[in-house]
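# Provide a 3D model corresponding to the input given below.
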Amino acid sequence: MKLLTLTSLILVSNSFAAFAADLVNKDNTGYEVEVTSSSGTMSTSINPLTIKTNVCSNTCEIKVKGVGTIKATGSETVSIENGRLSKN
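Numbers count the residues shown, from 1 in each chain. Predicted coordinates:
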């Protein structure tokens, strides 16, 4: 029974992660980032050539200082490339 419960929890947690927006920085510079959603605003940063996973799970606004602002949903990937934002 414990194994069944543990397996169920793993499956549920993985299904939520599948619907979380990611932020990919393809630039050689790091950026300060603000993510605003219905639950508030989170300030963070992203290093050069890295991926920040699960930045938001529903609709949110991602503001990359010095680059711009873009709206994303939980199933999208937002990329920073050549100082510009785009969604995949």
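
# Can you name the residues in contact with stretch 73-82?
By C-beta atoms under 8 Å, 6 or more residues apart in numbering, the residues outside stretch 73-82 that reach it are 18-27, 31, 46, 55-60, 62, 64, 67, 70, 72, 85-88. Heads up, the C-betas are built off the backbone N, CA and C, glycines and all.

# er, stretch 38-55 actually
17, 20-36, 58-59, 62, 64, 72, 78, 80.

# that older thread, which ones among the contacts of stretch 73-82 map onto strands?
Per DSSP state E, strands hold the following members of the contacts of stretch 73-82: 21-25, 31, 46, 55-56, 60, 62, 64, 70, 72, 85-87.

# Now which of those residues would you call buried?
Buried members of the ones in strands among the contacts of stretch 73-82, scored by 16 or more other C-beta atoms under 10 Å, are 21-25, 31, 46, 55-56, 60, 62, 64, 70, 72, 85.

# okay, now S39: neighbour count?
Number of residues near S39 (other C-beta atoms under 10 Å) recorded here: 11.

# Please shift the residue numbers so they start at 649 in all later answers.
Got it, the first residue is 649 from now on, which makes the last one we talked about S687.

# remind me which residues of this structure are low pLDDT?
For the chain, the stretches with pLDDT under 70 are 649-666.

# can we see that at 90?
Along the chain, segments meeting pLDDT under 90 span 649-668, 705-706, 722-723, 736.

# Count the neighbours of S685 for me.
When neighbours are counted by other C-beta under 10 Å, S685 registers 18.

# Which strand residues bridge the residue nearest to it when sequence neighbours are not counted?
Leaving aside its chain neighbours, S685 sits nearest to C708 (4.0 Å; criterion: C-beta to C-beta, 6 or more residues apart in numbering). Per DSSP bridges, the residues bridged to C708 are A720.

# Quick check: C708 touching T684?
Yes: if you go by C-beta atoms under 8 Å, C708 and T684 touch, sitting 6.2 Å apart.
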